[in-house]
Structure formats: C-alpha cells, structure tokens
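Trainee: just to be clear, the model below is a prediction. Sequence and coordinates:
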Amino acid sequence: MVLIIAGIIVLFIIGVFFIPRRCDVCGIGFKRKYYTWEIEGKKQHLCPNCNSRMSRRVSSKKFTDRFG
Ligand SMILES: [Zn+2]
C-alpha cells in the first residue's frame, strides 16, 4: 500500500517536471493547449500564439524556397 502511494507520488513529480509549462519562444505559461515544434533539431513547445506565427513563418519560407 505504501509502495503504491509512493509510486503515485513519484509519477506525479515526474509529470510535473516533464510536462512543458511555458512557451519556449515567448515564455508565456500554457493554460491547456500547446504545440510541439522541431526547430533546428530541437523540440520546442509553443503557445497557440507563437504556433500561428511560426506556421506563417514556415509557410513563407517554403514559399520563398519554391518561388524566391
Ligand atoms: Zn509563445
């Protein structure tokens, strides 16, 4: 019984450490939703705001690659 409780506490602590809580770009805290991006080979967690900015940037980059 004690082991189970200890296990739950450990899982909880691990969860708190590994769940991204802040946007890697602007540093804002996530409320619920976040987006994972791979930027320069590194996993980044973005808020919806930065996600839309980023997708615009990526699409414009693709556009330049193709037509620029
Ligand atoms: Zn952000």
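Mentor: That came through fine. Numbers count the residues shown, from 1 in each chain.

Trainee: bridged to the residue nearest in space to the middle of the chain, which residues?
Mentor: Among the residues of the chain, the smallest C-alpha distance to the mean C-alpha position (C-alpha atoms, centre = their mean) belongs to His45, namely 1.7 Å. For His45, the beta-bridge partners are Thr36 (DSSP bridges).

Trainee: okay but Phe30 is in contact with Cys23, surely?
Mentor: Yes - at 6.8 Å, Phe30 and Cys23 qualify as touching, with contact defined as C-beta atoms under 8 Å. For every residue, glycine as well, the C-beta is placed using N, CA and C.

Trainee: what residues are shared contacts of these two?
Mentor: 45, 47 (C-beta atoms under 8 Å, 6 or more residues apart in numbering).

Trainee: just the pLDDT for the residue nearest to the centre of the chain.
Mentor: In the predicted model, His45 carries a pLDDT score of 92.

Trainee: ditto for Phe67
Mentor: 86.

Trainee: next one: phi and psi at it?
Mentor: The phi/psi pair for Phe67 (degrees, to the nearest 10) reads phi -110, psi -20.
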